[in-house]
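Participant: My questions concern the predicted model and sequence given below.
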Amino acid sequence: MAEEISHEGRILEITPQFTSVEIISASACSSCHAAGLCGVSDAVTKVIQIPTTLGNWKEGQTVDVCLKRSMGFKAVWLAYVIPLLVLLAVLLGLVALGVREWIAGVSAVAAALAYYLVLGLFKDKLSDEYSFYIKEKI
């Protein structure tokens, strides 16, 4: 298993502080030969700002945008697993205490929302931990 997760991207802009790289996230069916006909396929363009590093980078150059695999797993835990556990714990806990189901359900969703709001408060701290880097496309 590779130690890093990488996506192909294209350099849009280079400044002394940041290099802007465009990544096209395509769904599995977007590469299908009939993708234009069925209308189900989708491709989303994302622009990531990466701290500028030494190298012979040029605007328009195709590069690999990389992130350590361990950081990807941490992101999955923070974004999906922990909020699911919070939601289930609140829901099952309130139902076990005899609270009406609709109140337990609304409370569980509110608890998950509160988790995401707290996570949003720490966005700057988390962005420091997640450092993308670029490598020359081989």
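Facilitator: Cool, got the structure.

Participant: Show me what counts as buried in the biggest strand by length in the chain.
Facilitator: Using DSSP state E to define each element, the chain has its longest strand at strand 4-14. For strand 4-14, burial by neighbour count (16 or more other CB atoms under 10 Å) applies to Ile5, Ser6, His7, Gly9, Arg10, Ile11, Ile14. Every residue, glycine included, has its C-beta placed from N, CA and C.

Participant: so where's the protein uncertain?
Facilitator: The chain contains residues with pLDDT under 70 at 1-2, 26-43.

Participant: Please go through it and pick out the longest helix.
Facilitator: helix 101-121 (DSSP state H).

Participant: helices and strands around that one, which ones?
Facilitator: For helix 101-121, the contact count by 3 or more CB pairs under 8 Å, 6 or more residues apart in numbering; DSSP states H and E identifies helix 82-96 as packing neighbours.

Participant: So which residues make contact with stretch 92-109?
Facilitator: By CB atoms under 8 Å, 6 or more residues apart in numbering, the residues outside stretch 92-109 that reach it are Leu87, Leu88, Val90, Leu91.

Participant: and the first one, how many neighbours does it have?
Facilitator: Residues lying near Leu87 (other CB atoms under 10 Å) number 19.

Participant: show me the contacts for it.
Facilitator: Going by CB under 8 Å, 6+ apart, Leu87 touches Ala108, Val109, Ala111, Ala112.

Participant: Determine the number of other residues adjacent to the third one.
Facilitator: This means Ala111. Applying other CB under 10 Å, I find that Ala111 has 18 neighbouring residues.

Participant: Same question for Pro51.
Facilitator: Using other CB under 10 Å, Pro51 is surrounded by 11 other residues.

Participant: For it, give me the backbone phi and psi.
Facilitator: Phi and psi for Pro51, reported as degrees, to the nearest 10, are phi -60, psi 130.

Participant: hang on, isn't it packed against Asp128?
Facilitator: No. Using CB atoms under 8 Å, Pro51 makes no contact with Asp128, being 10.8 Å away.
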